[in-house]
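Student: The amino acid sequence is not available; the structure is as follows:
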């Protein structure tokens, strides 16, 4: 792996796993009023499209990060629907 | 552009612009208690690394989406520091 590939690998990890503290925070507070349902929906659609892109071009890192990302965003969306339904 | 490239282009637009409704929502509510500062920090670091990756490999779409994304996340982080400082 080149230095450039390494940067891409670490960058993907940061972006994907950034969703972990956000999702944990919403479950901890049991409140998701401020989380936008449009945000979670657009993000999920985008990530699923990246996943399709990765499968189509057989790009293993793209498949990996987006499969994990889709699971995390789906969890955040579940939290939004559970704890923030009244608003949006 | 192939059908695959088109999917990647639209996927990037969805992921990047998903941050717009989230940022707007926080400014509208004037509250960012539920937004995780760790989330915004990790996301900003990851996006800036993708930007460096795009510049290094001269990938115009990677540069474009991540430059826009970095601006949006920086705005969300500003909102978190302004409206949610007391918590994290």
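Tutor: Received it, and whenever you're ready, just let me know what you need. These numbers were taken from a predicted model, which means no experiment stands behind them.
Student: contacts and neighbour counts: CA atoms only from here.
Tutor: Fine.
Student: residue contacts, residue A:39?
Tutor: Under the criterion of CA atoms under 8 Å, 6 or more residues apart in numbering or on different chains, the neighbours of residue A:39 are B:18-22.
Student: ugh, wrong one, residue A:12
Tutor: So residue A:12 contacts A:65, B:46, B:50 (CA under 8 Å, 6+ apart).
Student: repeat that with 10 Å
Tutor: A:6, A:18, A:61-62, A:64-66, A:69, B:43, B:46-47, B:49-50 (CA atoms under 10 Å, 6 or more residues apart in numbering or on different chains).
Student: filter those residues to the buried ones?
Tutor: Buried members of the contacts of residue A:12, counted by 16 or more other CA atoms under 10 Å in any protein chain shown: A:18, A:62, A:65-66, A:69, B:43, B:46-47, B:49-50.
Student: Tabulate the residues you listed (CSV), appending pLDDT, secondary structure and distance to residue B:56.
Tutor: Converted to CSV, the buried ones among the contacts of residue A:12 look like this (pLDDT from 0 to 100; DSSP: H, G, I helix; E, B strand; the rest coil; distance: CA to CA, whole Å):
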residue, pLDDT, secondary structure, distance to residue B:56
A:18, 97, coil, 23
A:62, 86, helix, 19
A:65, 91, helix, 21
A:66, 94, helix, 23
A:69, 97, helix, 25
B:43, 97, helix, 20
B:46, 96, helix, 15
B:47, 96, helix, 14
B:49, 95, helix, 10
B:50, 92, helix, 10
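Student: The contacts of residue A:12: which two are farthest apart?
Tutor: For those, the maximum inter-member distance is 19.2 Å, found between A:6 and A:69 (CA to CA).
Student: Residue A:75 and residue A:82: what is the separation?
Tutor: As judged by CA to CA, to the nearest Å, residue A:75 and residue A:82 stand 10 Å apart.
Student: Tell me the one among the buried ones among the contacts of residue A:12 nearest to residue B:30.
Tutor: Minimum distance to residue B:30 across these is 21.4 Å, recorded for residue B:43 (CA to CA).
Student: Now the closest one: closest residue in space, sequence neighbours ignored.
Tutor: Excluding the flanking residues, the one nearest residue B:43 by CA to CA, 6 or more residues apart in numbering or on different chains is residue A:15, at 4.9 Å.
Student: need the helices for chain A, in chain order.
Tutor: Assigned by DSSP state H, chain A shows helices spanning A:3-17, A:19-29, A:37-56, A:60-83.
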